[in-house]
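1. coords please:
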Amino acid sequence: MVSAVASVLLTMSSCGEDFLDRSPLHGYTAPTYYTSDEAVIKATEPLYNYAWHGYNERAIVGMGSFRANDAWSPYLQGEFARFTITGLSTEVVNAWSSLYMVVSMSNQLINDLDTYVGEEVTEAVKNQAKGEALLMRSAAYFYLLRGWGEIILYEDNFDVTKMPVRKLSTEGSVLKFIVRDLERASELLPEKGSNNHPSRYVAKALLAKVLLAQSGWQTSNPRDHQRDQATLDRVVTLCDEVINCGQYHLLDNYEDLFRPQFNDNEETLLAMRWADPLLGEYASNNNLISDLAWSDVTDVNCWGGSLHASVDMLDYYNEEPADSFRLRGNFFTPGRYYSYIWSEKGGYTYNVNWAQAKKGVVGTKADCDGHLAQQASPLNTYILRLADVYLTKAEALLGNNESTSDGRALAAFNATRLRAKLPPKDSFTFEDLIRERRIEFCLEYCNWYDMVSWYRWKPDYMLGFFNNKQHRAFMLNSGDVVLNKDKTLSYRCIFPGSNNWYFTDDQGHCLWNDRSTVSIDDKTTVMTKAQGYTFNLDSLARTKGADFQPIVLSEANIFMPYPEADVIQNRYFNEEAEEYKFDE
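-> Numbers count the residues shown, from 1 in each chain. Here you go, the predicted structure:
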């Protein structure tokens, strides 16, 4: 955290084709820079790329998706999926430093706006810039809270450089801090955003999500408990304001959300907006392409392709094979054709019996209108999109009930299903909501964070979900995936802690799903669930893998360890957190 409080004002970079192309601060100092509206707006732009780079470069996948069991790779951050990370894990350190970089840069901008801005800058622009800084600081602290729990809060960089060794703040204080910042941001930001800068409704949307977490967030209650109804009511009101403001809409085609031609689309509320790959600004680029793509699907040098769907996610899709539009947007599966990948050659058909990650794979240079380079994708990284607001509203209306058929809740819940061309539900439970969120936001690096919020509300339920309902087994890189006639997917997999490269079921078959078993020889269905086939993946692992060590989640590993260097330097990391002292 201390390193993240270094001087950040002069480390500016561009943010996309609608933003200016060059850093404005070369040769400037803070007292002489803020002399126009254009300069002030320009100063906000590194908050959308450079500040997030260390988190987005790699850590975001393991922290937000692998821990949620969206996908798995034995070669990339497998320790996140196995819950074996330590304070020495590289990506834990990188994420911690990067998120505090967002905080520090936001603090610096707020200080500069109050200190150096003169009469040449309009009050509206000054308010907008301060609102954006508060918004991004809130987003960073919300990630930190759900990643580590108790964290260090600070608002003044100069004060913290004089006294960098300071106490952790309680989780309740962090939530209160974030809510305060977002309330201020919603007052300062303009009614309508422009040039891809946010409106006040973006702050309201994130505020709704934070309040939903706060409504049930308790650290002292180890049992499931009630959410605060007044807070839930406020969440619904905020979501309605965002949905009804007329500025944001769900895209018709789910896949289009993850194509660079649709960056800054009408569903986007808040995103990391990366520099044009052709500018060569490494620290402001989206580097994830290197870990996601491979030679078959791109013409730039990438070393990825090892990210595969988890068994857990494939079982979800097998429950509802009609959910094919989101499946093809999230994972490549056998026989899928994409007209916009290798478009210059007539498209691309995935002819491999695997299930590799699709989301974030943008194709070739031609598919990106030339704006693609090694370690540089033009694709934005979502922080918040409108689909999240709909499902936040649905969850708030479900409230403390086991299920609901309330018309408002159903309209919100079914919005994402209808976009996916699925029939609407006439009621839903909390488990249904978990499932809908996991599929809608699979591999968007956010599912784990929602799970942490749920854990603080329903710890018994979520520990049961993690340890009994999620299948934390993974397909091999060369593991077979078979598309069955009923559009379900059968697979073979490995289990953590096992030396066996695959297991057979009791009938001697080694490709299965929760509906049928498939012959390894000719890939034909041997027996279906309707015919009496029984399937218990966890039991299978324990009986066939003598050295199988299941992944068990508990209070001890829900939150990540603090970076070891910070713990060594700061004695307060081993002491009880305190309430943050807010200015009156």
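2. show me where the stretch 1-150 of the chain has its helices.
-> Here the stretch 1-150 of the chain has its helices, by DSSP state H, counting those that start in this stretch, at 30-33, 37-44, 53-54, 60-61, 78-82, 90-115, 123-148.
3. and the helix or strand that contains residue 397, how far out from the chain middle?
-> Assigned by DSSP states H and E, residue 397 belongs to helix 386-398. Chain-centre distance of helix 386-398: 16 Å, with C-alpha atoms, centre = their mean, to the nearest Å.
4. for that helix, packing partners?
-> helix 200-216, helix 229-244, strand 268-272, helix 407-419, strand 428-429, helix 430-440 (3 or more C-beta pairs under 8 Å, 6 or more residues apart in numbering; DSSP states H and E). C-beta here means a position set from N, CA and C on the backbone, and glycine is covered the same way.
5. again, 7 Å this time
-> helix 200-216, helix 229-244, helix 407-419, helix 430-440 (3 or more C-beta pairs under 7 Å, 6 or more residues apart in numbering; DSSP states H and E).
6. among the ones you listed, which comes closest to residue 166?
-> Closest approach to residue 166 among the helices and strands packed on helix 386-398 (C-beta to C-beta): helix 200-216, 23.3 Å.
7. now the angle from that closest one to helix 386-398?
-> 40 degrees (axes from the mean of the first three to the mean of the last three C-alpha atoms, to 10 degrees).
8. what about the nearest residue to residue 222 once chain neighbours are set aside, how many residues nearby?
-> Using C-beta to C-beta, 6 or more residues apart in numbering and skipping residues adjacent in sequence, the residue nearest residue 222 is residue 459, 5.8 Å away. Residues lying near residue 459 (other C-beta atoms under 10 Å) number 20.
9. now swap in residue 324 and tell me
-> 16.
10. do the same with the one 5 residues further on
-> Using other C-beta under 10 Å, residue 329 is surrounded by 21 other residues.
11. cool, and the one 3 residues further on?
-> Counted with other C-beta under 10 Å, the neighbours of residue 332 add up to 27.
12. distance of it relative to residue 308?
-> 10 Å (C-beta to C-beta, to the nearest Å).
13. which neighbours do these two share?
-> Listed contacts common to residue 332 and residue 308 are 355-356; contacts here mean C-beta atoms under 7 Å, 6 or more residues apart in numbering.
14. grab the nearest non-local neighbour of residue 393.
-> The nearest residue in space to residue 393 (C-beta to C-beta, 6+ apart) is residue 239, at 3.7 Å.
15. for the one you found, give me its contacts.
-> Residue 239 neighbours (C-beta under 7 Å, 6+ apart): 208, 389, 392-393.
16. tell me which stretches of the stretch 401-550 of the chain form helices.
-> Under DSSP H, counting those that start in this stretch, the stretch 401-550 of the chain gives helices at 407-419, 430-440, 447-457, 459-464, 537-544.
17. same list (these) but as TSV, adding distance to residue 294 and mean pLDDT.
-> Shown next, in TSV, are these (distance: least, C-beta to C-beta, whole Å; pLDDT from 0 to 100):
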stretch	distance to residue 294	mean pLDDT
helix 407-419	29	98
helix 430-440	24	98
helix 447-457	24	98
helix 459-464	35	97
helix 537-544	28	59
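18. mean neighbour count, these: which tops it?
-> helix 447-457 (a mean of 22; mean count of other C-beta atoms under 10 Å).
19. chain center to it, what's the gap?
-> 12 Å.
20. list the helices and strands it packs on?
-> Using 3+ C-beta pairs under 7 Å, 6+ apart, helix 447-457 sits against helix 123-148, helix 200-216, helix 430-440, helix 459-464.
21. need the ones you listed in JSON lines with distance to residue 106, can you?
-> Compiled in JSON lines, these are given as follows (distance: least, C-beta to C-beta, whole Å):
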{"stretch": "helix 123-148", "distance to residue 106": "4"}
{"stretch": "helix 200-216", "distance to residue 106": "13"}
{"stretch": "helix 430-440", "distance to residue 106": "28"}
{"stretch": "helix 459-464", "distance to residue 106": "31"}
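22. just the ones you listed: most buried one?
-> Taking mean count of other C-beta under 10 Å, helix 200-216 is the most buried of the helices and strands packed on helix 447-457, at a mean of 25.
23. run the angle between that one and helix 123-148 for me.
-> Using the same axes, to 10 degrees: helix 200-216 against helix 123-148 is 30 degrees.
24. tell me the angle helix 200-216 makes with helix 229-244.
-> Going by the same axes, to 10 degrees, helix 200-216 makes 160 degrees with helix 229-244.
25. tell me the mean pLDDT for helix 200-216?
-> If you average the pLDDT over helix 200-216, you get 98.
26. how big is the angle separating it from helix 447-457?
-> Using the same axes, to 10 degrees: helix 200-216 against helix 447-457 is 40 degrees.
27. helices or strands next to helix 200-216 in the packing?
-> helix 123-148, helix 171-188, helix 229-244, strand 268-272, helix 386-398, helix 447-457.
28. what about 10 Å?
-> helix 123-148, helix 171-188, helix 229-244, strand 268-272, strand 381-385, helix 386-398, helix 447-457 (3 or more C-beta pairs under 10 Å, 6 or more residues apart in numbering; DSSP states H and E).
29. can you lay out those as CSV showing distance to residue 369?
-> Converted to CSV, these look like this (distance: least, C-beta to C-beta, whole Å):
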stretch, distance to residue 369
helix 123-148, 28
helix 171-188, 34
helix 229-244, 31
strand 268-272, 19
strand 381-385, 19
helix 386-398, 25
helix 447-457, 31
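30. need the distance between the two termini of stretch 159-174.
-> 19 Å (C-alpha to C-alpha, to the nearest Å).
31. so what's the gap between that stretch and the chain middle?
-> Distance, centroid of stretch 159-174 to centroid of chain: 26 Å (C-alpha atoms, centre = their mean).
32. Three-state assignment for residue 583, please.
-> coil (DSSP: H, G, I helix; E, B strand; the rest coil).
33. let me know whether it touches residue 177 as I believe.
-> No - the criterion here is C-beta atoms under 10 Å, and residue 583 misses it with residue 177 at 11.3 Å.
34. shared neighbours, the two?
-> residue 155 (C-beta atoms under 10 Å, 6 or more residues apart in numbering).
35. could you point out which element follows the lowest-mean-pLDDT helix or strand in the chain?
-> The weakest-scoring helix or strand in the chain, judged by mean pLDDT, DSSP states H and E, is helix 537-544 (a mean of 59). Going down the chain from helix 537-544, the next helix or strand is helix 555-558, by DSSP H and E.
36. and after that next one, which helix or strand comes next?
-> Immediately after helix 555-558, counting by DSSP H and E, sits helix 564-569.
37. go through that next one and flag the buried ones.
-> residue 566 (16 or more other C-beta atoms under 10 Å).
38. helices or strands next to that helix in the packing?
-> Counting by 3+ C-beta pairs under 10 Å, 6+ apart, helix 564-569 packs on helix 90-115.
39. burial measure for the residue nearest to residue 286 when sequence neighbours are not counted, as a count.
-> If the residues on either side of it in the chain are set aside, residue 286 comes closest to residue 274, at 4.0 Å by C-beta to C-beta, 6+ apart. The number of residues packed near residue 274 is 30, by other C-beta under 10 Å.
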